[in-house]
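1. take this sequence and fold it.
(one chain, ligands or ions: 2)
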Amino acid sequence: MPIAIIGGGISGLSAAHYLLKAGLTKNIVLLEASNRLGGWVNSIKDPVTGANFEKGPRTVRPYGLVGANTLELVEDLGLATKVVPVLKTHPTAKNRLIYVGGKLHRLPTDLAGLFSTVPPFSRPLALGALKDLFTPRKSCEDDTIYDFVCRRFGEELAEYLVSPLICGICAGDARNISVKFLAPALFEAEQKYGLAVAGLFAKTEKPNMGALANRAASEFWSVWSLEGGLASLTDSLASNLQGVELRMNTPVEKLEFKKGRAELTLEGGGLLDCRHVISSLPATRLAKLVAHQHPKMATSLNSISHVTVAVVNLAYRGQVLKENAFGFLVPPSQKLPILGVIFDSCSFPRSDGLTVLTAMLGGHWFQEYFSQKNDDKHILGVTLDNVNRVLGIEEEPVSTHISVLKDCIPQYTVGHTKRVGDIFSYVKSNRLPLSLIGSSYKGVGINDVIMSSKNAVNHIQKELV
Ligand SMILES: Cc1cc2nc3c(=O)[nH]c(=O)nc-3n(C[C@H](O)[C@H](O)[C@H](O)COP(=O)(O)OP(=O)(O)OC[C@H]3O[C@@H](n4cnc5c(N)ncnc54)[C@H](O)[C@@H]3O)c2cc1C
Ligand SMILES: C=CC1=C(C)c2cc3[nH]c(cc4nc(cc5[nH]c(cc1n2)c(C)c5CCC(=O)O)C(CCC(=O)O)=C4C)c(C)c3C=C
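-> Numbering: from 1, shown residues only. Ligands and ions are numbered 1, 2, ... in the order given. Next comes the predicted model:
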């Protein structure tokens, strides 16, 4: 009987890669609902300008255990020469902007910036540490990252630093998102010592670095991408899965566990028996598959909500930007439908002189801004109004591409760690032949989901051998 992987995004593909690498079995079936592999990783070549448009993720961080692991995967696939790094000395690594009060402001990224007053902040950010020192601990199981930062470091930090950052990681509202998940060291330091900054000195695991991760460290990479965009990674993963049966256009509709095995019902009624299932589906999708047999697990899975993001790629002839920056983010207090704009052609300069931007809209506020009208024409109109006003652009784009990514990013709201713990315990105590990977559980970044696949395969290896 095969091991079945549900979902052919980057986590499903990397799970297949790690299964092959572990030499566990060659009998692997990967089932993908759509007609393409890659999931949210989706780089397209714009037919008008030839520019590379990313519809989903565009950069990966090289740091830590998870960052080193992805770079090892890149090396394994023979893609090391295709990596395009952005160095920490590059202007886009230093210039991260927020839009507040009708103006763009640079966030402080160095020590000098932390000790001086830079608008929109009314006092040096470093003074936040003093507030932390004199604030008593609030004992709790979890808190929102907004309330935590507000309490310990001050409202301006929560408003102008953390809120936009949360928009740029999960298109979410910092007033709902869990501090225990996103900043565990700071949260635990408050709970233990009543001093959050103590968490900055918490020990982190030293990664086992491969050659590429060593190069990233010695060359001071800030983030990296690949020639042709991040889809080069998913394409390469897919084309190196020798022997794996890749079934496209095959949505799984039901998952039922029998004694020591699992039965998948495929669209159209076909059945597939397997000895183990690796699900890379968003939690709420998996909930539908298991609800009839495991309603309790389905309820927990359904409590991990997702939000929708509209992504608009724009290409202009010539240089239309006044700033060389990574892009800008908009704090929710500014009440705009755009979450932010990424200046792709600043991080990855082009020889053809095009300016390439990606605007992202909606997220947690998608219903608020787009429930009445969400056709491409309306989304493009809203995007151009906002982008032109914020960036002072007068030129017309020569090419545009609009996508609405429905329920594309999970929201790790307060209590997420407990919810995920309950789901994983349920699987373990019921001895279900099921592994859960992907962005719904233990991290939303590319690095996190690849690591989730590696961990799942290590676990299966221990169970099956
Ligand atoms: C707009 C955006 C920007 C992002 N930017 C970054 C970034 O800059 N850096 C970064 O590190 N991360 C970024 N991320 C996060 C990253 O893209 C995701 O975490 C990652 O792509 C998730 O991959 P996955 O394989 O777990 O899930 P998915 O990509 O969702 O893959 C799941 C797959 O399952 C398939 N499927 C669904 N239902 C079924 C079914 N019933 N049967 C069979 N198949 C099914 C889907 O078609 C899909 O192919 C971004 C995400 C978004 C949305
Ligand atoms: C500057 C503008 C940015 C916008 C707009 C933006 C939108 C956006 N991002 C995600 C998801 C992720 N982004 C991640 C990394 C990341 N994003 C930005 C900026 C914007 N994002 C930067 C500068 C970075 C790099 C982080 C760094 O160098 O410190 C990640 C990975 C996070 C990780 O832990 O690795 C994710 C995930 C979404 C869904 C989104 C939509 C509005």
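2. any idea how far Pro207 is from ligand 1?
-> Between Pro207 and ligand 1 the computed distance is 17 Å (Cβ to the nearest ligand atom, to the nearest Å). The C-beta positions use only the backbone N, C-alpha and C, and glycine is treated the same way.
3. find the nearest non-adjacent residue to that residue, please.
-> Closest residue to Pro207 apart from its sequence neighbours, by Cβ to Cβ, 6 or more residues apart in numbering: Ala68 at 4.0 Å.
4. secondary structure class for the one you found?
-> helix (DSSP: H, G, I helix; E, B strand; the rest coil).
5. okay, now it: neighbour count?
-> Residues near Ala68, counting by other Cβ atoms under 10 Å, number 21.
6. list the residues that contact it.
-> Neighbouring residues of Ala68 by Cβ atoms under 8 Å, 6 or more residues apart in numbering: Pro62, Pro207, Asn208, Met209, Gly210, Ala213.
7. tell me which helix or strand Ser425 sits in.
-> helix 416-429 (DSSP states H and E).
8. quick check: the gap between the residue nearest to Val390 when sequence neighbours are not counted and ligand 2.
-> Residue nearest to Val390 in three dimensions, not counting chain neighbours: Tyr99, with 5.5 Å by Cβ to Cβ, 6+ apart. If you measure Tyr99 against ligand 2 using Cβ to the nearest ligand atom, the figure is 10 Å.
9. so Tyr99 bridges to which residues?
-> Following DSSP bridges, Tyr99 is listed with bridge partners Leu104.
10. for it, what are its contacts?
-> His105, Phe328, Leu329, Val330, Pro331, Gln334, Leu336, Val390.
11. so of those residues, which ones are in helices?
-> Assignment to helices by DSSP state H places the following of those there: Val390.
12. any idea what the closest residue to ligand 2 within the chain is bridged to?
-> The nearest approach of the chain to ligand 2 comes at Gly340, 2.7 Å away (Cβ to the nearest ligand atom). With DSSP bridges applied, Gly340 shows beta-bridge pairing to Leu329, Met360.
13. just checking, it touches Gly168?
-> Yes. Look at Gly340 against Gly168 with Cβ atoms under 8 Å: they come within range, at 6.0 Å.
14. compare the two (neighbour count), which wins?
-> With other Cβ under 10 Å as the criterion, Gly340 and Gly168 differ in neighbour count, and Gly340 comes out ahead with 24 against 19.
15. from ligand 1, how far off is the more buried one?
-> The gap separating Gly340 from ligand 1 is 11 Å, by Cβ to the nearest ligand atom.
16. just Leu186 next, same as before
-> With distances taken as Cβ to the nearest ligand atom, Leu186 is found 21 Å from ligand 1.
17. ok so, going back, now do the residue of the chain closest to ligand 2, the pLDDT please.
-> Reported pLDDT at Gly340 in the predicted model: 98.
18. tell me how many other residues crowd Val162.
-> Residues contacting Val162 under the criterion other Cβ under 10 Å number 23.
19. should've said Leu233
-> With neighbours defined by other Cβ under 10 Å, the count for Leu233 comes to 29.
20. and it, what is it in contact with?
-> By Cβ under 8 Å, 6+ apart, the neighbours of Leu233 are Ile10, Val41, Leu73, Val74, Leu77, Leu79, Leu226.
21. what about the nearest residue to the last one once chain neighbours are set aside, which helix or strand?
-> By the measure of Cβ to Cβ, 6+ apart, the closest residue to Leu226 outside its immediate chain neighbours is Ser232, 4.2 Å from it. In this structure, Ser232 sits in helix 231-239 according to DSSP H and E.
22. who does the spatially closest residue to Leu286 that is not a sequence neighbour bridge with?
-> Spatial nearest neighbour of Leu286, chain neighbours left out: Ser279 (5.1 Å); criterion: Cβ to Cβ, 6+ apart. Ser279 has the following beta-bridge partners by DSSP bridges: Ile6, Leu436.
23. tell me who's in contact with Ser279.
-> With Cβ under 8 Å, 6+ apart as the criterion, the residues that contact Ser279 are Ile6, Gly7, Leu255, Leu286, Leu289, Leu434, Ser435, Leu436, Ile437, Gly438.
24. cool, and Thr417?
-> Taking Cβ under 8 Å, 6+ apart, one finds Asp142, Ser178, Lys180, Phe181 in contact with Thr417.
25. buried sites along the helix or strand bottoming out on mean pLDDT in the chain?
-> Across the helices and strands of the chain, mean confidence by mean pLDDT, DSSP states H and E is lowest for helix 111-115: a mean of 81. When burial is assessed from 16 or more other Cβ atoms under 10 Å, helix 111-115 yields the following buried residues: Gly113.
26. convert the C-alpha atoms of it to CSV, please.
-> Extracted in CSV, the C-alpha atoms of helix 111-115 (Å, rounded to 0.1, in the frame of the first residue of the first chain):
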residue,chain,number,x,y,z
LEU,A,111,21.1,51.1,16.6
ALA,A,112,21.3,54.9,15.9
GLY,A,113,17.7,54.8,14.6
LEU,A,114,16.5,53.1,17.8
PHE,A,115,17.9,55.9,20.0
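27. quick one: contacts of that helix?
-> By Cβ under 8 Å, 6+ apart, the surrounding residues in contact with helix 111-115 are Leu107, Pro108, Pro124, Leu125, Ala126.
28. quick one: the first one from ligand 1, how far?
-> Using Cβ to the nearest ligand atom, we find Leu107 at a distance of 17 Å from ligand 1.
29. correct me, but that residue touches Ala93?
-> No. Under the criterion of Cβ under 8 Å, Leu107 makes no contact with Ala93, lying 11.9 Å away.
30. what mean pLDDT does the helix holding Ser232 have?
-> Model confidence over helix 231-239, given as mean pLDDT, is 98.
31. buried set for it?
-> Taking 16+ other Cβ under 10 Å as the basis for neighbour counts, the residues of helix 231-239 that come out buried are Ala231, Ser232, Leu233, Thr234, Asp235, Ser236, Leu237, Ala238.
32. give the contact list for the second one.
-> This points to Ser232. Contact partners of Ser232, counting by Cβ under 8 Å, 6+ apart, are Ser43, Leu79, Lys82, Leu226.
33. filter those residues down to the buried ones.
-> The neighbour-count criterion (16+ other Cβ under 10 Å) marks Ser43, Leu79, Leu226 among the contacts of Ser232 as buried.
34. which non-adjacent residue is nearest Asn95?
-> In space, Asn95 comes closest to Ala325 once its chain neighbours are excluded; the distance is 3.6 Å by Cβ to Cβ, 6+ apart.
35. swap in Asp344?
-> Using Cβ to Cβ, 6+ apart and skipping residues adjacent in sequence, the residue nearest Asp344 is Val356, 4.3 Å away.
36. and that neighbour, what element?
-> strand 355-363.
37. and the contacts of the next helix or strand after that strand?
-> Once strand 355-363 ends, the next helix or strand along the chain (criterion: DSSP H and E) is helix 366-370. The set of residues that contact helix 366-370 without belonging to it, under Cβ under 8 Å, 6+ apart, is Val307, Thr308, Val309, Ala310, Pro337, Leu361, Gly362, His378, Ile379, Val382.
38. filter those down to the ones in strands?
-> The strands in this structure, assigned by DSSP state E, contain Val307, Thr308, Val309, Ala310, Leu361, Gly362 from those.
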